[in-house]
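> Got a predicted structure plus its sequence, pasted below:
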Amino acid sequence: MGSVVVTVLVGVATPAVAADAPAVAAEAAYVVDSAGNVHVGKRQTRRMPVASLVKVMTAYVVLREARLGDTVRISAADVSYAARNGAATAGLRKGERLTVRDLLYALMLPSGADAANALARRYGPGKTAFVAKMNRTARSLGLDDTRYTNADGMPTPRNGGYSTAADQAKLAQRALADDTFTTVVRRTVHRVAKTKVHRAHTWTNTNKLLKRADGVLGVKTGYTRAAGYCLLFAGERSGEQVVGVLLNDGSERRFTTAERLLDYAGDRIALG
């Protein structure tokens, strides 16, 4: 895909074209800082599937429903769902019991659909009730162009979920205000030692941006055939938190583009 013109907004100023903005080949993109300045916008209000970025809301709801020390038993259905749908997994097995804290790492680092389903089943209770909580939370946060149909972001046969780059950035800003969430999503590797109730696990973060740039805070990768490659990312630049979203981008290109967008936003913040 070729370069595109990127619209840049500063504060509430009239949109203007910035000749120095990095090229963004993603179908939709959005970059905003914690002061409310929007640095890059491209189809940021277009409703699109967002794949595993859905798991950010899953984690957000769980953190408000659960205690980190709660223990969740993994069911056969949690494991078979991920295998049946060809989803990413955390390698969980039927009968294992893990804490919510560890399952949040299983959810966010390897993007485990097995962990997503276990958490949703427990804290709905039941997956249907949990998805209803996700949608109520979206409404309460003002995510008016977002609809969830499951806790993992896999496509559904009917009535597929959707969101926008702008809504995902808003959600990330809220989620990153939670210290536990931030601790989880910025971790590159999380290891769980074997115990009597679960085997040993090592989960590696799929977000390569964490190793490519300084000051990165996470947040989440995603991919399905329908959504393409997605990335929700955040970093600290020039004293501000910068959050960005790339929807339907290239696999490796999204990390390169995100790094450039973080630096671009940082330079603009420094200039005032």
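Arrived safely. Residues are numbered from 1 along each chain as shown.

> contacts, neighbours, all on C-alpha from now
Will do.

> so where's the stretch 1-150 of the chain shaky on pLDDT?
Applying pLDDT under 70 to the stretch 1-150 of the chain flags the ranges 1-19.

> how much space between residue 107 and residue 78?
12 Å (Cα to Cα, to the nearest Å).

> nope, residue 254 is what I meant
With Cα to Cα as the criterion, residue 254 and residue 78 are 30 Å apart.

> got it, and residue 151?
Distance, residue 151 to residue 78, using Cα to Cα: 12 Å.

> go on, residue 43?
Going from residue 43 to residue 78 by Cα to Cα gives 35 Å.

> And these two? Which one has more around it.
Regarding residue 43 and residue 78, a neighbour count based on other Cα atoms under 10 Å identifies residue 78 as having more, with 23 against 17.

> OK, contacts around that one?
For residue 78, the contact set (Cα atoms under 8 Å, 6 or more residues apart in numbering) comprises 94, 113, 114, 115, 117, 118.

> For it, which non-adjacent residue is closest in space?
Using Cα to Cα, 6 or more residues apart in numbering and skipping residues adjacent in sequence, the residue nearest residue 78 is residue 114, 4.9 Å away.

> quick one: that neighbour is in a strand?
No. If the criterion is DSSP: H, G, I helix; E, B strand; the rest coil, then residue 114 is helix and not within a strand.

> Against residue 220, how distant is it?
Taken as Cα to Cα, the span from residue 114 to residue 220 is 17 Å.

> Which one's more surrounded, the two?
In this view residue 114 and residue 220 are compared by other Cα under 10 Å, and residue 114 has more residues nearby, 30 against 27.

> ok, the more buried one touching residue 75?
No. Judged on Cα atoms under 8 Å, residue 114 makes no contact with residue 75 at a distance of 9.1 Å.

> now do the same end-to-end measure for stretch 248-259.
By Cα to Cα, the extent of stretch 248-259 from end to end equals 17 Å.

> Please apply the same query to stretch 138-157.
22 Å.

> Mind jotting down where the strands sit in the stretch 1-150 of the chain?
7-8, 16-17, 28-33, 38-42, 71-73, 97-99 (DSSP state E, counting those that start in this stretch).

> re the thing from before, can you check which residues contact both of residue 151 and residue 78?
With contacts defined as Cα under 8 Å, 6+ apart, the residues shared by residue 151 and residue 78 are residue 117.

> hey, which helix is longest across the protein?
The residue-count maximum for a helix in the chain (DSSP state H) belongs to helix 253-271.

> now the angle between strand 38-42 and that one, please.
150 degrees (axes from the mean of the first three to the mean of the last three Cα atoms, to 10 degrees).
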